[in-house]
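Participant: Sharing a model prediction with you, sequence too.
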Amino acid sequence: MSDIIQLLPDHVANQIAAGEVVQRPASVVKELLENAIDAGATSIKLLLKDAGKTLIQVIDNGKGMSNTDARLSFERHATSKIKDAQDLFNLNTKGFRGEALASIAAIAHVELKTKLAQDELGTQLKIEGSKVISQEVISTSAGTSIAVKNLFFNIPARRNFLKSDTIETRHIVDEFQRVALAHPDISFLLHHNGNEIYHLKESNLRKRVVAVFGAKMNEKLVPINETTDLITVNGFVAKPEFSKKKRGEQFFFVNNRFIKSSYLNHAVVSAFEGLLENGYHPSYFLYLTVPPNSIDINIHPTKTEIKFDNEKAIYAILRATVKHSLGQYNVSPVLDFNRDSSLDTPYDFKGKSTTSTPKITVDPNFNPFKTEPQQSFQPKTSSYTKSTDTQSWESLYTSVEAIESPSQNQLFHQEEETETGKTFQIQKKYLLSSIKSGMVLINQSLAHQRVLYEEFLENITVNEAMSQQLLFPVHISFSKTDIEMIQSMKSDLENTGFLFESIADEAIVIKGIPTSITESQISLILEQLLDDMKLEVPETSFSHFDVMAKSFAKSLAIKTGTALSNKEQENLVNDLFSCKEPSVSPFGKATFKTLTIKEIDAIFNSH
Ligand code: ADP
Ligand code: MG
């Protein structure tokens, strides 16, 4: 048989390589930003259209390229950053593989403009799918601008695999934040569809972290500074009381390169030992500097993982340094996680009403001509009111017969009659109640999640939530990206009962809140919601509502460890069984288990 092996043409090889380098618009953003930094830019602009699907443009004021280099830069394995393999062990640049531009040009329409500072004129180059369309001498400013249009135009399958604009933008913002945090001395601009998302001025580390994550971050930061022979550690950890339920702001940079390392993460988390509540994660921004020849960054194609020569020592230093700083800032001894549990539960409102600021409850449904009397002035947490118009709500659960729900007020109003038998609370965790066929064991926290979830979902979808006006509007600061998210959820949040006075650049002002929450819970539930939204990134409007309702339910449900009065227990049981789907929590866990008399008998007759 004749020879069958042949070399792939360059454009095919480039397309294949592109699959590795460019998974989505965010990968292009990362490569272009890194090239601008390697070029010594002090100012970098990132312009996006349609989450980068239509346009990703990076404009820098770096050193630019000569006419010949401009053309060469799009060749595969064309790099100015290393000359031989030895250089790999002493890297001071982000790039070195020389395949990013070649890969990007293979799968998009690329327009490059570049000029060396000392040159009069610059170069413009247009390439589509590896094919050079034109190369011209132009007048342009010093530095480089690369516009990448119509990503994956020639690989429809890849294009179809791209996620919604929300998700792709999220990925881009993640990359942008990593680069911006790694280089506080460089100014960055991010525009999306003409809107300014970030304008980060040249600054120091602390100011950059605050500029990226919002003014509120400033008070949370504990500085970390340690220099040893092996490594220098700088940066910040967030005080333990600001830890999050989701891994959010966790950043390691090694020699100014963002990296992921579960090993180093473990070192930091273990420094927080005893200071974190179960399931909470610390935020940190840690900058490690090591001699370039003591790390190997070549083990991962997208270069977010690296290998240290002295892994164990670095672990120990990191842990000790963080521990020491936490101790110095006196954050260790004052913590008490068994703090006022009333902050977590709407059940505890009774004893507090005399000390808290009185609030006026405004009932948007109030109709003086209705015969049925409505209370418009109530203790704040007791004003759960079920909507009377349940049509669109029912339609979500068409298979379930409409049940006349008893009012949520039963949780708090002693005068209501209930049908369940006596209930007992076990270990402040479970409720036990006698039923016709035997008995039922209910998980109080999961049951309450279900109740709250259905209530919020109903409010959001049926639009009849009650709002309590705050006497003094509450200001909360958030990062710009969080503000964008809140803005996009504004009308849904209003449906739950939130009223906004303003949503501005870095802060929101809230003048009304759902009747089912207290003022002290606002910040908690909004932060939880943002975390959940980032994690789930709902694509349809219904799943949007759903994530929101779940998030609120999770934040507000009574927790294990909360003692409930007999009446509260009964009301919870009643409310649970008035739910459309009483048997599972919003997160799919069983809320109760029944034991029939037969099953109970069997326990005792088994011997
Ligand atoms: P690498 O960064 O691994 O060298 P790239 O394909 O990303 O490979 O870039 C190829 C070369 O093009 C770089 O080595 C650099 O010389 C040049 N280059 C790319 N982007 C820029 C830029 N923004 N400014 C100046 N030169 C650049
Ligand atoms: Mg590069």
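Facilitator: In hand now; what should we look at? Ligands and ions are numbered 1, 2, ... in the order given.

Participant: can you list contacts of stretch 321-329?
Facilitator: Contact with stretch 321-329 is made by 222-226, 233, 237, 239-240, 267-268, 271-272, 275, 284, 332, as judged by C-beta atoms under 8 Å, 6 or more residues apart in numbering. C-beta coordinates here come from the backbone N, C-alpha and C atoms, glycine included.

Participant: hmm, which of those residues are the buried ones?
Facilitator: Among the contacts of stretch 321-329, the ones that count as buried by 16 or more other C-beta atoms under 10 Å are 222, 224, 233, 237, 239, 240, 267, 268, 271, 272, 275, 284.

Participant: Can you tell me what sits against stretch 27-36?
Facilitator: Counting by C-beta under 8 Å, 6+ apart, 21-22, 44, 46, 52, 56, 58, 60, 62, 94-95, 100-101, 104, 108, 144, 146, 148, 151, 172, 175-176, 179, 302 sit against stretch 27-36.

Participant: and what of stretch 51-60?
Facilitator: Defining contact as C-beta under 8 Å, 6+ apart, one finds that stretch 51-60 is touched by 24-26, 28-29, 32-33, 35-36, 39, 41, 43-49, 143-151, 159, 162, 164-166, 168-169, 172, 192.

Participant: Touching, residue 222 and residue 237? I think so.
Facilitator: Yes - contact between residue 222 and residue 237 holds when scored by C-beta atoms under 8 Å: they sit 5.3 Å apart.

Participant: helix or strand for residue 447, which one?
Facilitator: Secondary structure from DSSP states H and E places residue 447 in helix 444-462.

Participant: so how far is that helix off the chain centroid?
Facilitator: 23 Å (C-alpha atoms, centre = their mean, to the nearest Å).

Participant: Packing partners of the helix or strand following it?
Facilitator: Next in sequence after helix 444-462, counting helices and strands by DSSP H and E, comes strand 467-477. If you count contacts as 3 or more C-beta pairs under 8 Å, 6 or more residues apart in numbering; DSSP states H and E, strand 467-477 packs onto strand 360-362, strand 499-503, strand 507-514, helix 522-536.

Participant: Of those, give the one that comes closest to ligand 1.
Facilitator: Between ligand 1 and the helices and strands packed on strand 467-477, the tightest spacing by C-beta to the nearest ligand atom is seen for helix 522-536, at 29.2 Å.

Participant: Output the contacting helices and strands for the closest one.
Facilitator: Under the contact criterion of 3+ C-beta pairs under 8 Å, 6+ apart, helix 522-536 touches strand 467-477, helix 480-496, helix 541-556.

Participant: Contact residues of the protein facing ligand 1?
Facilitator: Within the chain, the positions adjacent to ligand 1 are 31, 35-36, 39, 60, 62-65, 73, 78-81, 95-102, 144 by C-beta under 6 Å from any ligand atom.

Participant: Inside strands: which ones of these?
Facilitator: Counting by DSSP state E, the residues of the chain next to ligand 1 place 60, 144 in strands.

Participant: Can you flag which of the residues of the chain next to ligand 1 belong to helices?
Facilitator: If you go by DSSP state H, these have 31, 35, 36, 100, 101, 102 in helices.

Participant: circling back: filter the residues of the chain next to ligand 1 to the buried ones?
Facilitator: Here, 16+ other C-beta under 10 Å leaves 31, 35-36, 39, 60, 62-65, 73, 79-80, 95-102, 144 buried among the residues of the chain next to ligand 1.
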